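1. everything below, folded, please.
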Amino acid sequence: MTSATATLVRLKLSLLRNGLRRSGGRRAAYIASGVFALLVAAGQLLGLVLLRGDAHADAVVVLLTALLALGWAVMPLFFPGGDETLDPTRLVMLPLRPRPLVRALLAASLVGIGPLFTLCLTVGAVVAVAHGAAGYVTAVVAVPLVLLVCVALARAVAAANVRLLTSRRGRDLAVLSGLVIAVGAQLVNFGVQRVGTAGLGQLDPFADVVRWIPPASAIDAVDSMSQGAYGTGLLQLALSGAAVALLVLLWSEHLNRLMTAPDGSTLQAAGDGAARERAGASGLARLLPGGRTGTVMERSLRYVWRDPKTKAAWVTSLAIGLIVPVFNALQGTGSIYFACFAAGMLGIQMYNQFGQDTSAFWMVAMTISSPRDAYDELRARALALLMVTLPYATLVTVLTTAMLDDWARLPEALGLSFALLGAMLATGAWASARFPYSIPQDSHKNVAPGQAGIAWIAVFGGMLAAALLCAPVIAAAIWLHTSDGGDDWTWLLLPGGTAYGAALFLAGLRLAAPRTAARLPEILAAVSKG
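-> As a prediction, this is how the structure comes out:
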C-alpha cells in the first residue's frame, strides 16, 4: 500500500508539471523565476561564506533568518494561489486522519523553489558562524530545524486563514502585496544604507533580541556551541524544536476543524459582511451631496473598494506617494518638495476615468445628453478622488515637514502640492475624454492589446502638461527664494497655489465636458475592447 506521504509528494510534483503545461508563457515565467531565485540564493550563499570570520557575522545571519521566516509567514496571505496544496479543504474527501495528513503535507511542502532557496540561505548562514566539531554537529541539526519552522509556519498560517483566503475578501488581500513589497524593499534599502555607512555593528542590538526567536535561535545555537556556550546553544535549539512542535500542533488542530466542521461559517460571514457593507453604504451616502453628484461619487468610491484593478492602482499610488518623501527624509537626502509625489501619484488616478467602467460605460453614456451632464459627471468623479487625495497629500506633506524639521516651508509645499493636484485633475479630465482606453478585467494586463500607445500618451502627456501648467507657481517660488526678503512672503504660495489649482481644475472640467458629450460613442468603443 502506498503511503500518504509519497502520494502527496507525487501530487505536488504533478501539480507543478501540469501547471507548466498550460502555456508556454507560464512555463517560461516559472523557469525564469526559478533561475533568478537560484542565482540570488547562490549569491547570498557566497556572500555568507565570505562573511565567515567577521566579528558581526552572527548578527547578520540571525537577522537574515528572521526575515526569511517572516517571508514564509506572510506568503500564504498575499499569494494564496502560489501553491495549490496550501488549501487543505481540497483533500476533505480523502480518508485521511489529521496526523498522517500533516506528515504528508509537510513533506510535500519541502518540494519547490522556495524550500530550495531557504536551504541555500540556511546552509550559508551556518557556514558563516560554525567553528569546531560542536559547531558543525549543531549545524547539521539547525539546518533542518530552520527549514521545518519556516514550512510549518506557512502551513499553519494558511490553514488558520483558509476561509478568508478562498473568499473575495481574501483575494482582495493579495492587492496589498504590492504595498508590502514596496515598503519592505524600502526598509531593506534603508537598512543596507545605514549599515554601509555605520558598519555591521549597527545590527548587534537587534540581533541580541532576535537570536532568541525561532528559527533564528537555531542559527545562533551554532555560534553559541562554536564558542563553547553549550547550555545556551542547547536552549536555543530547544526553542526552535518547541516552535516546530507547537506550529505542527496548531496546524493539526486547524486541519481537524477544517476537515470535520461544516462550512456554514463562510455563508454566515458573507451575510454579516453584506449587512455591514449595506450599512456602510448608507452611512457614506449620507455624507455625500444629493443628486447626480453624490451618486457618481459613491459609484467611484465603490470602484476603488471593489474593483481589483482600481484597488491595485490606488494602493500603488498611496504607497509610492508616501514612500518617496518619507524614506528620503529618513536617509537624510530628503526635500520638502518630495511631498508633491503624493499629489502627483494620486492625481494619475484621474486619467482614463471611463476605462474603469469598461463596456458598462453605456449606462453612463445614457445619462449624458449635454455638456452640462458631462461636466457634472466629470466633476463628481474628481470630487470622489479629492475626498482621498486632498487629506492624504496634506498628511504626507506635514509628515515630511516634521521629519525634516522645516516648518517654515510647509505653506509653500502645500501650495505647490495643491497646484499640482489641480493641474493633474484638469489634464486627467481632458485625457479621459480624448484618450480613453480599455482595462481588461480577465487579464493581468492594465491596457487592452493595441491601446498601449494611447495609454502612454494619456498618462505621460498629461503629466507633462500638468507640470507645465504649474510653471507659474514654481516660478513664483523660485523668485521669492532668490529675491531679497522674499523668504518672508513664501507663505503666500499656500493661498495662491490653492486658488491656482482650483482654477485649473474648473477650467479643465469646462474644456473636457463638451468633448466628452460629443465623443460618447468613441469613448464607449475604446473602453469596451478589453
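
2. if you skip the residues just before and after it, what's nearest to Ser370?
-> Computed as CB to CB, 6 or more residues apart in numbering, the closest residue to Ser370 that is not its neighbour in sequence is Ala517, at 6.2 Å. C-beta coordinates here come from the backbone N, C-alpha and C atoms, glycine included.

3. tell me which residues in the helix or strand hosting that neighbour are buried?
-> If you go by DSSP states H and E, Ala517 is part of helix 493-518. For helix 493-518, a neighbour-count test (16 or more other CB atoms under 10 Å) marks 493-494, 496-498, 500-501, 504-506, 508-509, 511-513, 515-517 as buried.

4. about what we covered before: tell me the contacts of the residue nearest to Ser370?
-> 368-371, 373-374 (CB atoms under 8 Å, 6 or more residues apart in numbering).

5. report the longest helix in the protein, please.
-> helix 371-404 (DSSP state H).

6. which is the succeeding secondary structure element to that helix?
-> In N-to-C order, the element after helix 371-404 by DSSP H and E is helix 410-434.

7. what angle do that following helix and helix 371-404 make?
-> Between helix 410-434 and helix 371-404, the angle comes out at 150 degrees (axes from the mean of the first three to the mean of the last three CA atoms, to 10 degrees).

8. give the buried residues for helix 410-434.
-> 410-434.

9. pLDDT weak spots in the stretch 251-400 of the chain?
-> 259-286 (pLDDT under 70).

10. try it again at 50.
-> Within the stretch 251-400 of the chain, the stretches with pLDDT under 50 are 264-282.

11. what segments of the stretch 1-150 of the chain are helices?
-> 4-20, 24-50, 57-78, 98-109, 113-129, 132-160 (DSSP state H, counting those that start in this stretch).

12. among those helices, which is nearest Gly334?
-> Among the helices of the stretch 1-150 of the chain, helix 57-78 comes nearest to Gly334, with 25.4 Å by CB to CB.

13. buried stuff in that closest one?
-> 57-69, 72, 74-78.

14. also stretch 453-468?
-> So, applying 16+ other CB under 10 Å, buried residues of stretch 453-468: 454-455, 458-459, 462-463, 465-466.

15. touching it from outside, list them.
-> For stretch 453-468, the surrounding residues in contact (CB under 8 Å, 6+ apart) are 344, 347-348, 351-352, 420, 423-424, 426-428, 430-432, 434-437, 446-447, 526.

16. swap the cut-off to 6 Å and go again
-> 351, 423-424, 427, 431, 435, 437, 447 (CB atoms under 6 Å, 6 or more residues apart in numbering).

17. pull the contacting residues for Cys120.
-> Shown in contact with Cys120 (CB under 6 Å, 6+ apart): 41, 45.

18. hmm, 10 Å instead?
-> 37-38, 40-46, 48 (CB atoms under 10 Å, 6 or more residues apart in numbering).

19. from Ala42, how far out is it?
-> Per CB to CB, to the nearest Å, Cys120 is found 7 Å from Ala42.

20. and for Val123?
-> 11 Å.

21. want to try a markdown table for the contacts of Cys120, with distance to Trp251 as columns?
-> Shown next, in a markdown table, are these (distance: CB to CB, whole Å):
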| residue | distance to Trp251 |
| --- | --- |
| Ala37 | 25 |
| Leu38 | 28 |
| Val40 | 29 |
| Ala41 | 26 |
| Ala42 | 31 |
| Gly43 | 33 |
| Gln44 | 28 |
| Leu45 | 29 |
| Leu46 | 34 |
| Leu48 | 30 |
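
22. about what we covered before: out of the contacts of stretch 453-468, what pair is the most spread apart?
-> Ala423 and Val447 (23.8 Å).
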